[in-house]
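S.K.: predicted model and sequence follow; I will ask about them next.
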Amino acid sequence: MNEPGNSQEVKFTPLKSSQVDHLILLVGENPLPNFVSALLLGKPAPTRNDQTGPLITLIHSKQTGPIKDNLRKQLAAQNFRNVDSKEVEESNPTSIYKTIYDILSNHDRIRSIGLNYTGGTKAMAVHAYQAVKSWAKDKNISPIFSYLDARSLQMVIGSVDPVSGKPLTDQPVSLDLHVPLATLVSLHSWSLGTGQSAEPQLPKITKALAELHFEETGGKAWRDWKKDILYNAVWKDGKRSKWKSKTQLSDCRISLPTGDQFEAMRKAFAEELKISPDEFLFLTAVQNSEFKIHKEGHENLTNFLDGMWLESYVLQQLLQIKSEVHLDEILRNVNVQDPSSEKNRAFFESDVLAMRGYQLFDFSCTTAHDCGETDLLKKRLFEAIIRTEQMGGSEARAALICLAEKPQDIEKEVAQMFVSSNATNPMQNKRVKVFGRPQLKNLASELKKWINEQKGVEEA
(Lines give C-alpha, C1' and ligand atoms only; values in the text may rest on other atoms or scores of the structure.)
Protein backbone atom coordinates (compact mmCIF):
# COMPACT_ATOMS: atom_id res chain seq x y z
CA MET A 1 0.00 0.00 0.00
CA ASN A 2 1.15 3.50 -0.87
CA GLU A 3 0.95 5.51 2.37
CA PRO A 4 1.92 9.17 2.06
CA GLY A 5 2.24 11.51 4.97
CA ASN A 6 -0.55 13.92 4.05
CA SER A 7 -3.80 14.28 2.12
CA GLN A 8 -2.05 16.07 -0.76
CA GLU A 9 -0.46 12.81 -1.95
CA VAL A 10 -2.09 10.00 -3.86
CA LYS A 11 -2.58 6.87 -1.77
CA PHE A 12 -3.93 3.53 -2.91
CA THR A 13 -4.26 -0.14 -2.06
CA PRO A 14 -3.77 -2.31 -5.19
CA LEU A 15 -6.13 -5.16 -6.01
CA LYS A 16 -3.32 -7.69 -5.74
CA SER A 17 -5.35 -10.70 -6.88
CA SER A 18 -6.17 -8.87 -10.13
CA GLN A 19 -2.85 -7.12 -10.80
CA VAL A 20 -1.17 -7.97 -14.08
CA ASP A 21 2.28 -7.52 -15.61
CA HIS A 22 0.85 -5.97 -18.79
CA LEU A 23 -2.23 -3.77 -18.37
CA ILE A 24 -3.96 -2.31 -21.42
CA LEU A 25 -6.07 0.81 -20.88
CA LEU A 26 -8.43 2.44 -23.38
CA VAL A 27 -8.11 6.21 -23.09
CA GLY A 28 -11.35 8.20 -23.06
CA GLU A 29 -12.11 11.89 -22.73
CA ASN A 30 -11.90 11.77 -18.93
CA PRO A 31 -8.54 10.45 -17.66
CA LEU A 32 -9.70 9.72 -14.10
CA PRO A 33 -11.00 6.13 -14.70
CA ASN A 34 -7.73 5.21 -16.44
CA PHE A 35 -5.65 6.70 -13.63
CA VAL A 36 -7.63 4.82 -10.97
CA SER A 37 -7.53 1.54 -12.92
CA ALA A 38 -3.78 1.81 -13.46
CA LEU A 39 -3.11 2.32 -9.75
CA LEU A 40 -5.32 -0.60 -8.71
CA LEU A 41 -4.52 -3.13 -11.44
CA GLY A 42 -1.06 -2.25 -12.74
CA LYS A 43 2.30 -2.90 -11.18
CA PRO A 44 4.74 -0.04 -10.53
CA ALA A 45 7.81 -0.02 -12.76
CA PRO A 46 10.76 2.17 -11.75
CA THR A 47 12.34 2.20 -15.23
CA ARG A 48 11.24 2.76 -18.83
CA ASN A 49 11.52 0.37 -21.76
CA ASP A 50 11.85 -2.74 -19.63
CA GLN A 51 10.89 -5.58 -21.97
CA THR A 52 10.38 -8.09 -19.17
CA GLY A 53 9.09 -5.90 -16.32
CA PRO A 54 5.59 -4.58 -15.62
CA LEU A 55 4.06 -2.55 -18.44
CA ILE A 56 1.02 -0.34 -19.03
CA THR A 57 -0.10 0.38 -22.58
CA LEU A 58 -2.43 3.29 -23.31
CA ILE A 59 -4.60 2.82 -26.40
CA HIS A 60 -5.81 6.18 -27.65
CA SER A 61 -7.26 7.97 -30.64
CA LYS A 62 -5.84 11.07 -32.29
CA GLN A 63 -8.35 13.14 -30.33
CA THR A 64 -7.34 11.71 -26.94
CA GLY A 65 -3.59 11.91 -27.64
CA PRO A 66 -3.04 14.93 -25.36
CA ILE A 67 -4.97 13.17 -22.58
CA LYS A 68 -2.69 10.16 -23.02
CA ASP A 69 0.41 12.33 -22.71
CA ASN A 70 -0.69 13.88 -19.45
CA LEU A 71 -1.92 10.54 -18.08
CA ARG A 72 1.54 9.07 -18.68
CA LYS A 73 3.08 12.01 -16.82
CA GLN A 74 0.76 11.57 -13.83
CA LEU A 75 1.40 7.81 -13.70
CA ALA A 76 5.16 8.38 -13.74
CA ALA A 77 4.75 10.51 -10.63
CA GLN A 78 3.31 7.41 -8.93
CA ASN A 79 6.29 5.24 -10.01
CA PHE A 80 4.54 3.74 -13.05
CA ARG A 81 7.28 4.72 -15.49
CA ASN A 82 7.13 1.86 -17.97
CA VAL A 83 4.11 3.20 -19.86
CA ASP A 84 3.74 2.71 -23.61
CA SER A 85 1.06 4.06 -25.95
CA LYS A 86 -0.38 3.35 -29.38
CA GLU A 87 -2.79 5.34 -31.50
CA VAL A 88 -5.71 3.63 -33.22
CA GLU A 89 -8.52 4.74 -35.50
CA GLU A 90 -11.26 4.73 -32.90
CA SER A 91 -14.02 3.47 -35.23
CA ASN A 92 -11.92 1.12 -37.35
CA PRO A 93 -12.19 -2.52 -36.16
CA THR A 94 -9.08 -3.62 -38.07
CA SER A 95 -6.97 -0.79 -36.69
CA ILE A 96 -8.02 -1.53 -33.13
CA TYR A 97 -7.72 -5.33 -33.32
CA LYS A 98 -4.41 -5.46 -35.21
CA THR A 99 -2.73 -2.75 -33.11
CA ILE A 100 -3.50 -4.48 -29.84
CA TYR A 101 -2.68 -7.97 -31.13
CA ASP A 102 0.71 -6.70 -32.38
CA ILE A 103 1.40 -4.97 -29.04
CA LEU A 104 0.83 -8.22 -27.17
CA SER A 105 2.98 -10.16 -29.62
CA ASN A 106 5.87 -7.74 -29.07
CA HIS A 107 5.71 -8.38 -25.33
CA ASP A 108 5.02 -12.11 -25.37
CA ARG A 109 7.41 -12.80 -22.48
CA ILE A 110 4.96 -11.12 -20.10
CA ARG A 111 2.68 -13.85 -18.82
CA SER A 112 -0.19 -11.99 -17.12
CA ILE A 113 -2.36 -9.73 -19.26
CA GLY A 114 -5.24 -7.45 -18.36
CA LEU A 115 -7.61 -5.19 -20.30
CA ASN A 116 -9.55 -2.45 -18.58
CA TYR A 117 -12.16 -1.12 -20.99
CA THR A 118 -13.69 1.67 -18.92
CA GLY A 119 -12.49 4.43 -21.28
CA GLY A 120 -12.45 4.73 -25.05
CA THR A 121 -15.27 4.23 -27.53
CA LYS A 122 -17.60 1.24 -27.66
CA ALA A 123 -15.84 0.05 -30.80
CA MET A 124 -12.49 0.22 -29.02
CA ALA A 125 -13.86 -1.84 -26.13
CA VAL A 126 -15.37 -4.53 -28.37
CA HIS A 127 -12.39 -5.06 -30.66
CA ALA A 128 -9.79 -4.67 -27.91
CA TYR A 129 -11.59 -7.43 -26.03
CA GLN A 130 -11.54 -9.69 -29.09
CA ALA A 131 -7.84 -9.05 -29.71
CA VAL A 132 -6.81 -9.80 -26.14
CA LYS A 133 -9.02 -12.88 -25.97
CA SER A 134 -7.67 -14.26 -29.26
CA TRP A 135 -4.02 -13.63 -28.40
CA ALA A 136 -4.40 -15.08 -24.92
CA LYS A 137 -6.03 -18.20 -26.32
CA ASP A 138 -3.11 -18.72 -28.72
CA LYS A 139 -0.68 -18.39 -25.79
CA ASN A 140 -2.78 -20.44 -23.36
CA ILE A 141 -3.05 -17.48 -20.99
CA SER A 142 -6.08 -16.44 -18.95
CA PRO A 143 -6.41 -12.67 -19.28
CA ILE A 144 -8.18 -10.46 -16.76
CA PHE A 145 -10.90 -8.18 -18.08
CA SER A 146 -12.09 -5.32 -15.89
CA TYR A 147 -14.36 -2.30 -15.81
CA LEU A 148 -14.53 0.56 -13.29
CA ASP A 149 -18.25 0.90 -12.62
CA ALA A 150 -19.32 4.50 -12.01
CA ARG A 151 -22.72 3.30 -10.79
CA SER A 152 -21.42 1.31 -7.82
CA LEU A 153 -17.83 2.59 -7.48
CA GLN A 154 -16.64 -1.00 -7.88
CA MET A 155 -14.01 -2.61 -10.06
CA VAL A 156 -15.85 -5.33 -11.97
CA ILE A 157 -13.63 -8.27 -12.89
CA GLY A 158 -15.17 -10.37 -15.67
CA SER A 159 -14.68 -13.84 -17.10
CA VAL A 160 -12.82 -14.42 -20.36
CA ASP A 161 -15.80 -16.53 -21.44
CA PRO A 162 -19.11 -14.78 -20.63
CA VAL A 163 -21.19 -17.86 -21.53
CA SER A 164 -19.30 -20.02 -19.04
CA GLY A 165 -21.57 -18.91 -16.24
CA LYS A 166 -18.66 -17.87 -14.05
CA PRO A 167 -19.77 -14.98 -11.82
CA LEU A 168 -18.30 -11.50 -11.99
CA THR A 169 -16.12 -10.32 -9.15
CA ASP A 170 -17.10 -6.92 -7.81
CA GLN A 171 -14.43 -5.19 -5.77
CA PRO A 172 -15.55 -2.02 -3.91
CA VAL A 173 -12.77 0.49 -4.49
CA SER A 174 -14.22 3.87 -3.52
CA LEU A 175 -12.14 4.00 -0.34
CA ASP A 176 -9.14 2.01 -1.58
CA LEU A 177 -7.45 5.10 -2.91
CA HIS A 178 -7.39 8.85 -2.41
CA VAL A 179 -6.91 11.21 -5.33
CA PRO A 180 -6.19 14.74 -4.06
CA LEU A 181 -8.03 17.58 -5.72
CA ALA A 182 -4.74 18.97 -7.06
CA THR A 183 -3.99 15.63 -8.75
CA LEU A 184 -7.49 15.39 -10.22
CA VAL A 185 -7.09 18.87 -11.67
CA SER A 186 -3.63 18.02 -13.02
CA LEU A 187 -5.00 14.96 -14.81
CA HIS A 188 -6.86 17.40 -17.06
CA SER A 189 -3.75 19.57 -17.60
CA TRP A 190 -5.37 22.28 -15.49
CA SER A 191 -4.10 23.87 -12.28
CA LEU A 192 -5.50 25.12 -9.00
CA GLY A 193 -5.51 28.87 -8.61
CA THR A 194 -4.83 30.70 -5.37
CA GLY A 195 -7.14 31.64 -2.55
CA GLN A 196 -8.68 28.28 -1.67
CA SER A 197 -8.84 27.41 2.01
CA ALA A 198 -9.70 24.50 4.27
CA GLU A 199 -10.85 26.88 7.02
CA PRO A 200 -14.16 28.77 7.34
CA GLN A 201 -14.12 32.56 7.27
CA LEU A 202 -15.21 34.41 10.43
CA PRO A 203 -16.58 31.21 11.98
CA LYS A 204 -18.52 32.86 14.82
CA ILE A 205 -20.29 35.28 12.51
CA THR A 206 -20.85 32.50 9.98
CA LYS A 207 -22.59 30.38 12.60
CA ALA A 208 -24.67 33.33 13.86
CA LEU A 209 -25.81 34.31 10.36
CA ALA A 210 -26.80 30.73 9.59
CA GLU A 211 -28.78 30.50 12.83
CA LEU A 212 -30.52 33.78 11.98
CA HIS A 213 -31.74 32.13 8.77
CA PHE A 214 -33.11 29.09 10.56
CA GLU A 215 -36.36 31.05 10.67
CA GLU A 216 -37.81 32.56 7.52
CA THR A 217 -38.42 35.88 9.29
CA GLY A 218 -34.74 36.11 10.26
CA GLY A 219 -33.62 35.66 6.66
CA LYS A 220 -36.02 38.35 5.46
CA ALA A 221 -34.86 40.74 8.18
CA TRP A 222 -31.22 40.26 7.12
CA ARG A 223 -32.08 40.88 3.47
CA ASP A 224 -33.86 44.08 4.47
CA TRP A 225 -30.81 45.22 6.50
CA LYS A 226 -28.49 44.60 3.58
CA LYS A 227 -30.68 46.56 1.20
CA ASP A 228 -31.37 49.47 3.58
CA ILE A 229 -28.01 49.74 5.40
CA LEU A 230 -25.13 47.75 3.90
CA TYR A 231 -25.69 48.53 0.22
CA ASN A 232 -26.18 52.24 0.84
CA ALA A 233 -23.04 52.32 2.98
CA VAL A 234 -20.58 50.80 0.50
CA TRP A 235 -22.05 51.24 -2.97
CA LYS A 236 -22.86 54.40 -4.82
CA ASP A 237 -26.60 55.02 -4.98
CA GLY A 238 -27.11 51.81 -2.98
CA LYS A 239 -26.78 49.73 -6.15
CA ARG A 240 -24.43 46.76 -6.36
CA SER A 241 -22.51 48.11 -9.32
CA LYS A 242 -19.94 50.71 -8.27
CA TRP A 243 -18.07 50.99 -4.99
CA LYS A 244 -17.72 54.21 -3.07
CA SER A 245 -14.24 55.72 -2.95
CA LYS A 246 -11.81 54.86 -0.16
CA THR A 247 -12.27 58.40 1.16
CA GLN A 248 -16.02 57.95 1.36
CA LEU A 249 -15.66 54.51 2.92
CA SER A 250 -13.24 55.80 5.56
CA ASP A 251 -16.07 57.78 7.15
CA CYS A 252 -18.73 55.12 6.62
CA ARG A 253 -20.50 54.12 9.84
CA ILE A 254 -22.81 51.14 10.15
CA SER A 255 -25.13 49.83 12.84
CA LEU A 256 -26.39 46.27 13.07
CA PRO A 257 -30.11 45.50 13.40
CA THR A 258 -31.54 45.22 16.89
CA GLY A 259 -34.05 42.89 18.48
CA ASP A 260 -34.06 39.51 20.19
CA GLN A 261 -33.48 37.52 16.99
CA PHE A 262 -30.28 39.50 16.31
CA GLU A 263 -28.66 39.22 19.74
CA ALA A 264 -26.48 36.19 18.93
CA MET A 265 -25.36 37.80 15.69
CA ARG A 266 -24.54 41.13 17.37
CA LYS A 267 -22.51 39.28 20.00
CA ALA A 268 -20.59 37.37 17.32
CA PHE A 269 -19.76 40.62 15.49
CA ALA A 270 -18.55 42.24 18.71
CA GLU A 271 -16.34 39.27 19.62
CA GLU A 272 -14.88 38.52 16.20
CA LEU A 273 -14.51 42.04 14.78
CA LYS A 274 -13.94 43.89 18.07
CA ILE A 275 -16.56 46.54 17.25
CA SER A 276 -19.70 47.95 18.85
CA PRO A 277 -22.72 46.56 17.02
CA ASP A 278 -24.63 49.80 17.69
CA GLU A 279 -22.33 51.84 15.46
CA PHE A 280 -18.92 51.15 13.96
CA LEU A 281 -16.64 52.32 11.19
CA PHE A 282 -16.91 49.83 8.34
CA LEU A 283 -13.19 50.01 7.56
CA THR A 284 -12.41 49.35 11.24
CA ALA A 285 -14.34 46.11 10.94
CA VAL A 286 -12.30 45.29 7.85
CA GLN A 287 -9.01 45.95 9.66
CA ASN A 288 -10.08 43.75 12.57
CA SER A 289 -10.99 40.85 10.26
CA GLU A 290 -9.00 38.36 8.21
CA PHE A 291 -9.79 40.48 5.15
CA LYS A 292 -7.27 43.15 6.16
CA ILE A 293 -4.55 41.26 4.26
CA HIS A 294 -6.36 41.92 1.00
CA LYS A 295 -5.99 45.13 -0.97
CA GLU A 296 -9.74 45.26 -1.44
CA GLY A 297 -10.68 44.09 2.02
CA HIS A 298 -13.83 46.18 2.08
CA GLU A 299 -15.10 44.29 -0.97
CA ASN A 300 -14.33 40.95 0.63
CA LEU A 301 -16.11 41.76 3.89
CA THR A 302 -19.10 43.14 2.00
CA ASN A 303 -19.33 40.03 -0.17
CA PHE A 304 -19.08 37.86 2.94
CA LEU A 305 -21.98 39.66 4.62
CA ASP A 306 -23.91 39.71 1.37
CA GLY A 307 -23.88 35.93 1.03
CA MET A 308 -20.46 34.31 0.99
CA TRP A 309 -20.97 33.39 4.63
CA LEU A 310 -23.02 30.46 3.34
CA GLU A 311 -20.03 28.69 1.78
CA SER A 312 -18.20 29.01 5.11
CA TYR A 313 -21.22 27.52 6.85
CA VAL A 314 -21.31 24.61 4.42
CA LEU A 315 -17.61 24.03 5.05
CA GLN A 316 -18.24 24.08 8.82
CA GLN A 317 -20.96 21.46 8.44
CA LEU A 318 -18.83 19.22 6.21
CA LEU A 319 -15.94 19.39 8.66
CA GLN A 320 -18.28 18.10 11.38
CA ILE A 321 -19.04 14.94 9.40
CA LYS A 322 -15.71 14.58 7.58
CA SER A 323 -14.61 11.34 9.23
CA GLU A 324 -18.10 9.81 9.29
CA VAL A 325 -18.54 10.10 5.52
CA HIS A 326 -14.85 9.44 4.74
CA LEU A 327 -14.07 12.78 3.12
CA ASP A 328 -10.34 13.11 2.53
CA GLU A 329 -10.23 16.76 1.55
CA ILE A 330 -12.57 19.78 1.74
CA LEU A 331 -11.78 23.20 0.28
CA ARG A 332 -13.78 26.38 -0.22
CA ASN A 333 -13.35 29.19 -2.74
CA VAL A 334 -11.68 26.98 -5.35
CA ASN A 335 -10.84 28.19 -8.83
CA VAL A 336 -9.48 25.91 -11.52
CA GLN A 337 -7.36 27.46 -14.26
CA ASP A 338 -6.50 26.30 -17.74
CA PRO A 339 -2.85 27.26 -18.41
CA SER A 340 -3.42 26.98 -22.14
CA SER A 341 -6.16 29.61 -22.13
CA GLU A 342 -5.61 33.30 -22.67
CA LYS A 343 -4.07 34.95 -19.59
CA ASN A 344 -4.39 31.66 -17.67
CA ARG A 345 -7.87 32.72 -16.62
CA ALA A 346 -10.17 30.69 -14.39
CA PHE A 347 -11.73 27.72 -16.15
CA PHE A 348 -14.38 27.49 -13.46
CA GLU A 349 -14.90 28.44 -9.85
CA SER A 350 -16.48 26.43 -7.07
CA ASP A 351 -17.69 27.48 -3.63
CA VAL A 352 -16.88 24.21 -1.84
CA LEU A 353 -15.26 21.03 -3.22
CA ALA A 354 -14.68 17.75 -1.41
CA MET A 355 -12.95 14.49 -2.33
CA ARG A 356 -13.91 11.04 -1.06
CA GLY A 357 -11.52 8.51 -2.50
CA TYR A 358 -11.59 9.41 -6.18
CA GLN A 359 -15.16 10.76 -6.06
CA LEU A 360 -15.61 14.53 -6.38
CA PHE A 361 -18.36 16.48 -4.60
CA ASP A 362 -19.20 20.06 -5.62
CA PHE A 363 -21.35 22.25 -3.35
CA SER A 364 -22.63 25.39 -5.05
CA CYS A 365 -23.71 27.97 -2.46
CA THR A 366 -25.96 31.00 -2.93
CA THR A 367 -28.23 33.03 -0.67
CA ALA A 368 -30.71 33.38 -3.52
CA HIS A 369 -34.21 32.13 -2.72
CA ASP A 370 -37.25 30.97 -4.67
CA CYS A 371 -39.11 34.28 -4.60
CA GLY A 372 -38.27 35.60 -8.05
CA GLU A 373 -34.84 33.92 -8.21
CA THR A 374 -35.79 30.40 -9.27
CA ASP A 375 -34.16 30.70 -12.69
CA LEU A 376 -30.88 31.75 -11.06
CA LEU A 377 -31.00 28.75 -8.71
CA LYS A 378 -31.64 26.31 -11.56
CA LYS A 379 -28.80 27.85 -13.55
CA ARG A 380 -26.39 27.51 -10.61
CA LEU A 381 -27.27 23.86 -10.09
CA PHE A 382 -27.13 23.04 -13.79
CA GLU A 383 -23.68 24.62 -14.12
CA ALA A 384 -22.40 22.77 -11.05
CA ILE A 385 -23.54 19.40 -12.41
CA ILE A 386 -21.93 19.98 -15.81
CA ARG A 387 -18.56 21.22 -14.52
CA THR A 388 -18.37 18.55 -11.82
CA GLU A 389 -18.94 15.71 -14.27
CA GLN A 390 -16.46 17.27 -16.69
CA MET A 391 -13.75 17.11 -14.04
CA GLY A 392 -14.77 14.10 -11.96
CA GLY A 393 -16.59 11.92 -14.47
CA SER A 394 -19.86 10.08 -13.95
CA GLU A 395 -18.91 9.31 -10.35
CA ALA A 396 -18.91 13.00 -9.41
CA ARG A 397 -21.78 14.66 -7.54
CA ALA A 398 -23.06 18.24 -7.25
CA ALA A 399 -25.48 19.86 -4.83
CA LEU A 400 -26.96 23.33 -4.47
CA ILE A 401 -27.24 24.92 -1.02
CA CYS A 402 -29.49 27.96 -1.07
CA LEU A 403 -32.24 29.78 0.83
CA ALA A 404 -35.18 28.45 -1.16
CA GLU A 405 -38.26 27.62 0.88
CA LYS A 406 -39.23 24.76 -1.45
CA PRO A 407 -35.93 23.29 -2.66
CA GLN A 408 -37.66 20.09 -3.78
CA ASP A 409 -39.41 21.97 -6.59
CA ILE A 410 -36.12 23.18 -8.04
CA GLU A 411 -34.57 19.75 -7.56
CA LYS A 412 -37.37 18.02 -9.41
CA GLU A 413 -37.28 20.42 -12.35
CA VAL A 414 -33.51 20.16 -12.85
CA ALA A 415 -33.57 16.37 -12.28
CA GLN A 416 -35.86 15.98 -15.28
CA MET A 417 -33.06 17.33 -17.49
CA PHE A 418 -30.68 14.55 -16.44
CA VAL A 419 -32.93 11.57 -15.77
CA SER A 420 -32.97 8.69 -18.26
CA SER A 421 -35.94 8.42 -20.61
CA ASN A 422 -37.27 5.18 -19.05
CA ALA A 423 -37.08 6.37 -15.43
CA THR A 424 -40.43 6.70 -13.67
CA ASN A 425 -39.40 9.08 -10.88
CA PRO A 426 -37.02 11.98 -11.60
CA MET A 427 -36.52 12.49 -7.86
CA GLN A 428 -34.66 9.17 -7.75
CA ASN A 429 -31.88 10.79 -9.77
CA LYS A 430 -29.27 11.12 -7.03
CA ARG A 431 -27.06 13.26 -9.22
CA VAL A 432 -29.31 16.22 -8.45
CA LYS A 433 -29.74 17.60 -4.93
CA VAL A 434 -30.94 20.92 -3.54
CA PHE A 435 -30.78 21.95 0.12
CA GLY A 436 -32.84 25.00 1.06
CA ARG A 437 -33.34 27.27 4.03
CA PRO A 438 -35.47 24.68 5.95
CA GLN A 439 -32.46 22.30 5.91
CA LEU A 440 -29.93 24.81 7.30
CA LYS A 441 -30.61 23.93 10.94
CA ASN A 442 -29.75 20.26 10.44
CA LEU A 443 -27.51 20.68 7.42
CA ALA A 444 -24.71 18.44 8.73
CA SER A 445 -27.05 15.46 9.12
CA GLU A 446 -28.75 16.21 5.77
CA LEU A 447 -25.37 16.31 4.02
CA LYS A 448 -24.26 13.13 5.77
CA LYS A 449 -27.35 11.26 4.58
CA TRP A 450 -26.98 12.43 0.99
CA ILE A 451 -23.23 11.81 0.74
CA ASN A 452 -23.62 8.30 2.14
CA GLU A 453 -26.18 7.57 -0.59
CA GLN A 454 -23.76 8.49 -3.36
CA LYS A 455 -22.13 5.48 -4.93
CA GLY A 456 -22.33 6.48 -8.58
CA VAL A 457 -24.82 7.00 -11.36
CA GLU A 458 -28.15 5.21 -11.36
CA GLU A 459 -29.10 2.29 -13.51
CA ALA A 460 -30.64 3.50 -16.75
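M.R.: All right, it came through fine.

S.K.: contacts, neighbours, all on C-alpha from now
M.R.: Noted.

S.K.: pLDDT on the longest strand seen in the chain, on average?
M.R.: Ranked by residue count under DSSP state E, the longest strand found in the chain is strand 346-356. Across strand 346-356, the average pLDDT comes to 89.

S.K.: now the next helix-or-strand element following it against strand 346-356, angle please.
M.R.: Using DSSP states H and E, the helix or strand that directly follows strand 346-356 along the chain is strand 359-365. Put simply, strand 359-365 runs at 120 degrees to strand 346-356, going by axes from the mean of the first three to the mean of the last three Cα atoms, to 10 degrees.

S.K.: buried ones in strand 359-365?
M.R.: 359-365 (16 or more other Cα atoms under 10 Å).

S.K.: nearest to residue 247, of the residues you listed?
M.R.: Checking these against residue 247 by Cα to Cα gives residue 365 as the nearest, at 32.7 Å.

S.K.: with the flanking residues excluded, which residue is spatially nearest to residue 366?
M.R.: residue 402 (5.0 Å; Cα to Cα, 6 or more residues apart in numbering).

S.K.: neighbours of the one you found, just the number please.
M.R.: The number of residues packed near residue 402 is 25, by other Cα atoms under 10 Å.

S.K.: which residues touch it?
M.R.: 365-369, 377, 434-437 (Cα atoms under 8 Å, 6 or more residues apart in numbering).

S.K.: quick one: which of the residues you listed has the lowest pLDDT value?
M.R.: Lowest in pLDDT among the contacts of residue 402 is residue 369, which has 87.

S.K.: what about that one, neighbour count?
M.R.: When neighbours are counted by other Cα under 10 Å, residue 369 registers 18.

S.K.: ok, residue 196 - contacts?
M.R.: 331-335.

S.K.: who's in contact with the spatially most central residue of the chain?
M.R.: The residue lying closest to the centre of the chain (Cα atoms, centre = their mean) is residue 360, at 3.1 Å. Counting by Cα under 8 Å, 6+ apart, residue 360 touches 353-354, 388, 392, 395-397.

S.K.: report the beta-bridge partners for it.
M.R.: Taking DSSP bridges as the rule, residue 360 bridges to residue 355.

S.K.: mind checking pLDDT for it?
M.R.: So, for residue 360, pLDDT stands at 96.

S.K.: quick check: closest non-adjacent residue to residue 434.
M.R.: Counting by Cα to Cα, 6+ apart, the residue nearest residue 434 is residue 400, at 4.7 Å.

S.K.: so which of the contacts of residue 196 comes closest to residue 84?
M.R.: Closest to residue 84, out of all of the contacts of residue 196 and judged by Cα to Cα, is residue 335, at 32.9 Å.

S.K.: just confirm that closest one is within a strand.
M.R.: Yes - the assignment for residue 335 is a strand, going by DSSP: H, G, I helix; E, B strand; the rest coil.

S.K.: tell me the contacts of it?
M.R.: Counting by Cα under 8 Å, 6+ apart, residue 335 has contacts 192-194, 196, 346-350.

S.K.: ok, residue 323 - how many residues close by?
M.R.: Residues near residue 323, counting by other Cα under 10 Å, number 10.

S.K.: got a list of what residue 249 touches?
M.R.: When contacts are counted by Cα under 8 Å, 6+ apart, residue 249 touches 233-234, 282-283.

S.K.: can you select the buried ones among the contacts of residue 335 for me in ChimeraX?
M.R.: Buried members of the contacts of residue 335, defined by 16+ other Cα under 10 Å, are picked up in ChimeraX with:
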select :192,193,196,346,347,349,350
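
S.K.: now the two most distant members of the contacts of residue 335.
M.R.: Using Cα to Cα, those span at most 14.8 Å, a distance reached by 196 and 347.

S.K.: could you check how far the residue nearest to the centre of the chain is from residue 415?
M.R.: Distance of residue 360 to residue 415, computed by Cα to Cα, to the nearest Å: 19 Å.

S.K.: residue 274 - how many residues pack around it?
M.R.: 16.

S.K.: please apply the same query to residue 106.
M.R.: Considering only other Cα under 10 Å, residue 106 is surrounded by 11 other residues.

S.K.: which among the contacts of residue 249 end up buried?
M.R.: 233-234, 282-283.

S.K.: closest to residue 118 out of those residues?
M.R.: residue 234 (53.3 Å).

S.K.: which ones are touching that closest one?
M.R.: 243-244, 249, 252, 302.
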